[in-house]
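**Student:** quick one, fold the following:
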Amino acid sequence: VMLVIVPLVGDGWVIFSYERIKESLSLFSDAQDGPCFDPAFQDLCVRMLQWNRSFPASTILFIGIMIVFASFSSSVAFRRNYTTKRVVRVLTMQQKKDREDLLLSIFPKTVAMHMLEKQT
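**Tutor:** Numbers count the residues shown, from 1 in each chain. I've put the predicted structure just below:
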């Protein structure tokens, strides 16, 4: 987030602009000789420098997005697992209560209680 917000506030993304890179190439055009200083190849060199300068920021942004996505999916899985465990616990308690009620309705209370103690 800071990688995107701070440069936007402080005009930090200007270093990636076509004009800024072309200007920086023109500063060195008197001192050096090479394909990037030839007007025919200057556009290609500017595009390559834009890619080289923006690749680390893009990579960090992509990794950050993947971390957020992984965290979200992990959180959803954790919540689903918690809900499932809670539902199973409630159903188990309900079945236990139903079993007790059934035994109490069939047998006398002392016999039913004795049978329930043996089960647990």
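**Student:** so what's residue 22 up against?
**Tutor:** Neighbouring residues of residue 22 by Cβ atoms under 8 Å, 6 or more residues apart in numbering: 42, 46. Yep, even glycine has a C-beta here, placed from its N, CA and C like the rest.
**Student:** give me the element it is part of.
**Tutor:** Residue 22 belongs to helix 18-28 when elements are defined using DSSP states H and E.
**Student:** list the buried residues of that helix.
**Tutor:** Buried residues in helix 18-28, counted by 16 or more other Cβ atoms under 10 Å: 20, 21, 25.
**Student:** in this protein, what residue spans correspond to strands?
**Tutor:** With strands called from DSSP state E, the chain shows none.
**Student:** scan it for its longest helix.
**Tutor:** helix 42-106 (DSSP state H).
**Student:** helices or strands up against it?
**Tutor:** Packing partners of helix 42-106 (3 or more Cβ pairs under 8 Å, 6 or more residues apart in numbering; DSSP states H and E): helix 2-9, helix 18-28, helix 109-119.
**Student:** quick check: mean pLDDT of it?
**Tutor:** Average pLDDT, helix 42-106: 89.
**Student:** quick one: work out the angle between that helix and helix 18-28.
**Tutor:** Orientation check (axes from the mean of the first three to the mean of the last three Cα atoms, to 10 degrees): helix 42-106 against helix 18-28 gives 140 degrees.
**Student:** from here on, call the first residue 180.
**Tutor:** With 180 as the first residue, the last one maps to helix 221-285.
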